[in-house]
Every structure is written in structure tokens, then in C-alpha cells.
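Asks: Provided below are the primary sequence and the corresponding predicted coordinates.
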Amino acid sequence: MYVYDEFDRSFLAERVAEFRDQVERRLSGALSEDEFKPLRLMNGVYLQLHAYMLRVAIPYGTLSGAQMRKLAHVARTYDKGYGHFTTRQNIQFNWIKLEDLPAAMAALAEVGVHGIQTSGNCIRNVTTDQWAGATPEEVDDPRLWAEILRQYSTAHPEFSYLPRKFKIAITAADHDRAAVKVHDVGLRLHRNAQGEMGFEVLVGGGLGRTPFIGKKIRDFLPAEHLLSYVEAIMRVYNRFGRRDNIYKARIKILVHEIGAEAFSAEVEKEWEAIREGALHLDAPVVEDIRSRFITPDFAQLPDHPAELTGALENPAFATWHRNSVHAHKVPGYSIVTISLKAVGAPPGDATGEQMEVVADLADTYGFGEIRVGHEQNLCLPNIAQKDLPELWRRLEAIGLATPNVNLVNDIIACPGLDYCALANARAIPVAQEIAKRFADLDRARGVGRLHINISGCINACGHHHVGHIGILGVDKAGEEFYQITIGGRADEHAQLGTLLGPAVPYDQVPGLIEDIVDAYMELRASPRELFVDTVARLGVEPFKERVYAAH
Amino acid sequence: MPLIENGRLIEDRYVVPADEDALPDGVPLLIPAERFLKEAEALKGRQAPVAVLWPNNRRIEEIEPYLGQLSLIALQFPSFRDGRAYSQARLLRERLGWRGPLRATGNVLRDQFIFMLRAGFDQLDAAKEDDAAHFAEEVGSHSVFYQPTGDGRPSILRARLGRVAAHGTTN
């Protein structure tokens, strides 16, 4: 965990007071809704279909037990008892009253949590690998670099009124769990041949109505130049990004229109002028920030302790263990994913009670650390293997031990027409119905890793373009229809899915997905070939033939 | 519009000439960039101060050859949501070395005052009387800044360096 210092605390206290004043000015009429809108958006407050929605930043997906407990408190006191974890490693509360917002925000600020820059045309919450600091795969802890970017981008005077929102993601592992290729800026931390640390820099990736995979503009940026290089990118975008059309205002359109080479040339020219300036990351500054991350005091423990091997004789525990427990860099420890995809429940939702139990488990067994992943699941990154059986028992008791991580019913879905003012179609009930079709987890396991992503409109909050199966809700003469794509992926081999065929009505979606899965089971070369690899090998045609023949 | 400079209300001495009119003698003029660039040579001999109103969609680097003959530069916020002039301001201050008055005009609102000061503006042409009245309160409610700009305010990034040095752990 990064521990706020006096600078961070003063900053947050001032901003909470400022927003309280802005809400008062809005309620008194001194601010028009038009003037208030960008101010509330800067603080994560949206006006949705039924109420104001508060989006709370979880910087790079990291939460302490105390912070999670405070989220539970807000869910219970100001909302209807639950919260929704999003694909941006944030949490949203959907039923908060405007007059309650300052109090809810003050409560969150007590534990250093806020909604600042979760919305608006600014640099948003920087996201990273939810296994950061725990996985053996990484070259350095990406949270450090995400924190440096968080500080740099917070209330940035030059970049708070960009053409459009701006999202940065970082991975420090070759296997990318942060989807860096579909962000405005994607950063891959790695070492060069000399063993020095630096970033591969991608720009102009993104989903929404015009999806693009990010283009590489630098193989290796020495880590000390991270801020000056990002500033150069931001300045080029702020100056030259389109502002005439909201749908063409993201950096991906600028990069696409002038070309990655011309864009890169502008950035390099700008960077040359500032690279040795005040943004240079001197080693002591980096180490000062690094020192504020509390590293768990890991014990010396053996791998596969007797408590674990004994418990593995219980098939239910063994199934969960195979599915939800992953290798840790420290012997005797594991990374645990907590599925928020109980069959039949809205993906990513957690009740106040569940949040509190997770907080207690993190404090008891996990050095107080909790992560949120972009797949809308939670993660306890530092659990001693000997504690896994007890942890599982307690998760199971509150419905948080569904062993379906990465399976066909671990579905990513946006809030859709049930909440969102932008949606054309429902997403949550579609996810729930598909999950039910595969409720038999033996069947789901037989299918293997298969990511389904559902968005209720072309803004693509459910990241449907990069789902192995993507489902997009569209409006056809007032009816909810759904377009299906297959073969997308969000990892280091990121690519956009290919349209399977004509859109189908709401009722037909679950059956169609079952047909696609059945086709894969027939077509795959072996049980080890994943769905997405079968699509890559054969293309969409054989799927199309089988699926549409049946309908 | 109330014009604020260094926290105080000041009078706007500048006159914006109408498009077709001959430029009046003896008064400070604030001239739109397009006209200024056309008449820059002729304006060189002028005794009274000349300022330019630079649009936010024109590269600010083009102004460089003329900096010596200008007494003030005004940048535009057609809407407070359009942040291009922040970049222009920083480039003027930090790259092109402009030390004269730098004015923010247009939809200049109190909730952006601090950003404008940090970007290098020292004159704010506030859109609302009430906002100008709250200048000190607004600016005073910001005491910590994460990132360095050229405005001279201490930033947390650099303060960390100071703290490390104070603790003697620099190496």
C-alpha cells in the first residue's frame, strides 16, 4: 500500500472542501448546471438515468481493509447497500443524493479515498496489473510508476481541460493484465539489453465507437524520463487534438488522422525541449515515493504446506484452488482472485456485507491489501498458502468463492440500460442469463478460458471489442438487438473481434452464445486449444456457418 | 469585465479596434492576431503600447519574432472547457521567455483561476463580477501542487527532493 504523506493529505482536504463549496453554490443557484457539470464530473459525479452516480477512484486498483470498510459504509448509508466495481478498477455508487455527496466524500476522505478525476476531460485514474507487487512475472512494481503518474496528473493545470478524457495503463509483466494496448497511452515496463529499466510507449489505443489498437511510438524510454515524455504527449494532444466533434476528440483519432509517425515526431520535438527540466525523475524522488509503499512483512514459509495439501482432498476446495489461486513471487504465498461473478448476480456488484468480509479477510490473512482488477473481480494479492482453506471457507459463506475466474460465466458487463443514460440496451440481464446457461461449472471448465464482454452501447464500457466473444447492444427501431463479435483479446496480443453476422434480438443472445461455444467444442484441435486460438486458426466462417444455420 | 492582476482589480487600458477602422493614435491597442501579423511592420514605429489577442488554434511559436514589440499578450478561452490556451501560456512563459503581462480572456471562471495562474497568466479577465470578488478566497484554497510548472510555486515533486536532501539520504 502507498501511504499518503502530509502533501497528499493537505491536497485532498482542500479539494473536499472545494467540492463542498461548489455543491453549495450549485444548490444556491450561483452555479448553473452547465457550469457545475464539469466541476462535479472532475469529482466523479454523474447524473444517470435515475439519480446521481458517484464514481470513486481506486488508484491502480489498490485498496486497504480500512478503505474497503469505508466503501461498505457509503454503500449502506448513502446507497442501497451495494456498489459496482468497474472495468476501470473503480467503484460506482448508483443511488446517491446530491445533498449527501459532500458528506459521503468527507467520509471517504477520512481514509484517503476520493472521486477526483474519475470523470471529465482530464487524465483519469491510472490503471495497472492487479497482481502488481505479487506476481513473479514483473520487472518492477508498476504501482510505483502508476503512483508517480497519479501525483503528476492530479489537478494538472495544463491538462484538466483536454479535448476528451485520457486513460493511461501500465504493465510491468510480459503477460499483460492491464490491457495497455487499448488505452490512450499504454506503458510496458521492461529491461533493455543493458539491464536498464524503461517503458515501451504506445499511443492511440482505445475502444468506444472507433476502436484502435495502440501504436508504438517508442521501444525504450528510460524510466527517469517518464513524466517529461508523458507531458510531451499530453501537450501535443492538448494543442492539436480535435475539439469540433466529441466523437473524434480522443487522442486515437489525432494519431490516426496525422499518422503515428507524424504524431511521434511532434512528441519527440516537444520532449527534446523539456526532457532535462523539472520533470526529470531524479533517483531520490523515485525512491522517496517507493519508500511510501509498505511492503508486506512476508514470513519464511514453505510452498505446499500440509494445511493446503490436506484441504485439497476436498473436491470443492480443490476446484476453487485450481481456478482462483495463482503463483506468488514469495514462497509459501499465493495470489487469490475473488470472483464477483456469482451465477445470476450482476457482474462486479458487491454488497456492503461482502465488502466488509473481504476487508476483514485482507486484514486477517492478507497484510490489509485488496486489489480490483479490470475484469471486475477482487484480488487478495498476498495470502499465505496455509491460510487458503480457512479463507475459502469464509468466502464461500458469503457467496464469494464461485470458481469461475476466466471461464465463460466470468462475464465483463457495463451497467447498461438498467442504470446508464447512454445505453441502448441492457447488459446485466444478458450476462446473468448467459451465466445461467453455463451454471454447471463442470461444463464451463470443459470449455476453458473464454472471456465474454458485454456493452450496452457503442461507448464500449464493457470492452466488447476485445472480448473473446463480444456482445454489443444496439437499438433497432426501438428494440434491443445485439451484435456479436469473436476473436477479440485485450492482452499482449490484443486485437479487435470480428463481426460474426447480423444482430439478433435480446431473447436469442444466450442461445446464440451457447451455439458459438458448441461450435468451438467441435472445432478445437484439442482441449488445450483455447477458444480465442481456435478462432485465430480458423477465422469466423466455420463459426458463422454453424451458428446461423441453427437460427 | 473585472480585470484582475496579481490579486487586485485593475483598469483595462487597452482598446480593441473594430475590424475595418484605422488604428487610433495614442491609446494602448489590443489587436487580433491576424490583423497584427499583417500590420506588424507598420506597428513597429508606434509609440503607444501594442498588445495582441492570439487565438487558441494558431501555433503560439509564430509569435516569437514579434515578442519585442508587444506590451501584453492575451490568450483566449472561448469556453472554459477548451484548454488549449493553457499550453500556449506555458510555452510562452517557459519556452519563448515571455516576461510581460499575459492575460486570460473569454469564459474565464473562478474554478479555473488557479490553473490559469499556474500556467503563467498574471491577468485574468473574469467573466463574472462575483468570481472576481472571490479571487483571494479561491486562490487561497489551494496550497499544495503536485507538478512543477514555470509559475514558481513549489511543487510536491520538487519538495520530495528537498525532503530527501534534508534527511541526508541523497546519493
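Replies: Sure thing, it's come through.
Asks: Show me where the chain dips below the pLDDT cut-off.
Replies: Just so you know, I chose chain A. Applying pLDDT under 70 to chain A flags residues A:550-551.
Asks: wait, chain B
Replies: Flagging of chain B using pLDDT under 70 yields the residue ranges B:163-171.
Asks: quick check: domain ranges of it?
Replies: Domain segmentation of chain B under automatic domain parsing yields B:3-140, B:142-171.
Asks: The ones you listed: which one's closest to chain A?
Replies: Chain A lies closest to domain B:3-140 among those, at 2.9 Å (C-beta to the nearest C-beta). C-betas here are computed from N, CA, C, even on glycine.
Asks: chain center to that closest one: distance?
Replies: On the basis of C-alpha atoms, centre = their mean, to the nearest Å, domain B:3-140 is displaced by 5 Å from the centre of the chain it belongs to.
Asks: Ok, stretch A:442-461 next?
Replies: For stretch A:442-461, the distance to the chain centre is 15 Å (C-alpha atoms, centre = their mean).
Asks: what's the span of that stretch from first residue to last?
Replies: Taking C-alpha to C-alpha, to the nearest Å, stretch A:442-461 runs 30 Å from one end to the other.
Asks: Kindly report the same for stretch A:403-416.
Replies: By C-alpha to C-alpha, the extent of stretch A:403-416 from end to end equals 25 Å.
Asks: likewise stretch A:325-342?
Replies: Its first and final residues considered, stretch A:325-342 spans 17 Å by C-alpha to C-alpha.
Asks: Please state the offset of it from the chain centre?
Replies: Averaging C-alpha positions (C-alpha atoms, centre = their mean) puts stretch A:325-342 18 Å from its chain's average.
Asks: which residues of the stretch 251-400 of chain A fall in strands?
Replies: Secondary structure of the stretch 251-400 of chain A (DSSP state E, counting those that start in this stretch): strands at A:325-327, A:333-338, A:349-351, A:369-372, A:378-384.
Asks: Chain B: which of these is closest?
Replies: Closest to chain B of the strands of the stretch 251-400 of chain A is strand A:369-372 (C-beta to the nearest C-beta; 23.3 Å).
Asks: Packing partners of that closest one?
Replies: strand A:62-64, helix A:352-365, strand A:378-384 (3 or more C-beta pairs under 8 Å, 6 or more residues apart in numbering or on different chains; DSSP states H and E).
Asks: one more time with 6 Å
Replies: Applying 3 or more C-beta pairs under 6 Å, 6 or more residues apart in numbering or on different chains; DSSP states H and E, we find strand A:369-372 packed against strand A:378-384.
Asks: Tell me which strands the strand it packs on pairs with, and in which orientation.
Replies: When pairs are called by DSSP bridges, strand A:378-384 turns out to pair with strand A:333-338 (antiparallel), strand A:369-372 (antiparallel).
Asks: near chain B at all, the top helix by length along chain A?
Replies: Longest helix in chain A, counting residues (DSSP state H): helix A:6-28. Yes. Counting by C-beta under 6 Å from any C-beta of the partner chain, contacts between helix A:6-28 and chain B involve A:Phe7, A:Ser10, A:Phe11, A:Glu14, A:Glu18.
Asks: ok, then the element right after that helix?
Replies: Note on helix A:6-28: by DSSP states H and E, the next helix or strand toward the C-terminus is helix A:33-42.
Asks: before we move on, the earlier item: could the domains of chain B be laid out in CSV, adding mean neighbour count and distance to chain A?
Replies: Listed next are the domains of chain B as CSV, based on neighbours: other C-beta atoms under 10 Å in any protein chain shown; distance: least, C-beta to the nearest C-beta, whole Å:
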stretch, mean neighbour count, distance to chain A
domain B:3-140, 17, 3
domain B:142-171, 16, 4
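Asks: thinking again about what came up before, quick one: the strands of the stretch 251-400 of chain A as a markdown table, columns for mean neighbour count and distance to B:Ile60 too.
Replies: Formatted as a markdown table, the strands of the stretch 251-400 of chain A follow (neighbours: other C-beta atoms under 10 Å in any protein chain shown; distance: least, C-beta to C-beta, whole Å):
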| stretch | mean neighbour count | distance to B:Ile60 |
| --- | --- | --- |
| strand A:325-327 | 16 | 51 |
| strand A:333-338 | 24 | 49 |
| strand A:349-351 | 22 | 49 |
| strand A:369-372 | 26 | 41 |
| strand A:378-384 | 24 | 46 |
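Asks: want to try JSON lines for those strands, with distance to B:Leu92 as columns?
Replies: What follows is these, written out as JSON lines (distance: least, C-beta to C-beta, whole Å):
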{"stretch": "strand A:325-327", "distance to B:Leu92": "52"}
{"stretch": "strand A:333-338", "distance to B:Leu92": "50"}
{"stretch": "strand A:349-351", "distance to B:Leu92": "49"}
{"stretch": "strand A:369-372", "distance to B:Leu92": "42"}
{"stretch": "strand A:378-384", "distance to B:Leu92": "46"}
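Asks: now for those strands, which one comes closest to A:Val74?
Replies: The minimum distance between A:Val74 and those falls on strand A:349-351, with 12.3 Å, by C-beta to C-beta.
Asks: which other residues reach that closest one?
Replies: The contact list for strand A:349-351 (C-beta atoms under 6 Å, 6 or more residues apart in numbering or on different chains) reads A:Gly81, A:Tyr82, A:His84, A:Leu340.
Asks: Now with 7 Å, please.
Replies: Strand A:349-351 has contacts (C-beta atoms under 7 Å, 6 or more residues apart in numbering or on different chains) with A:Gly81, A:Tyr82, A:Gly83, A:His84, A:Phe85, A:Leu340.
Asks: buried subset of those residues?
Replies: Among the contacts of strand A:349-351, those buried by neighbour count (16 or more other C-beta atoms under 10 Å in any protein chain shown) are A:Tyr82, A:Gly83, A:His84, A:Phe85, A:Leu340.
Asks: These: which ones sit near chain B?
Replies: The subset of the buried ones among the contacts of strand A:349-351 within reach of chain B, by C-beta under 7 Å from any C-beta of the partner chain, is empty.
Asks: Tabulate the residues you listed (JSON lines), appending secondary structure.
Replies: Output for the buried ones among the contacts of strand A:349-351, formatted as JSON lines (DSSP: H, G, I helix; E, B strand; the rest coil):
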{"residue": "A:Tyr82", "secondary structure": "strand"}
{"residue": "A:Gly83", "secondary structure": "strand"}
{"residue": "A:His84", "secondary structure": "strand"}
{"residue": "A:Phe85", "secondary structure": "strand"}
{"residue": "A:Leu340", "secondary structure": "coil"}
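Asks: check contacts around A:Lys341.
Replies: By C-beta under 7 Å, 6+ apart, the neighbours of A:Lys341 are A:Pro347, A:Asn377, A:Thr402, A:Asn404, A:Asn409, A:Asp410, A:Ile411, A:Ala435.
Asks: Go ahead and build a ChimeraX selection from the buried members of those.
Replies: To isolate the buried ones among these in ChimeraX, judged by 16+ other C-beta under 10 Å, type:
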select /A:347,377,402,404,409,410,411,435
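Asks: Fine by me, we can end here.
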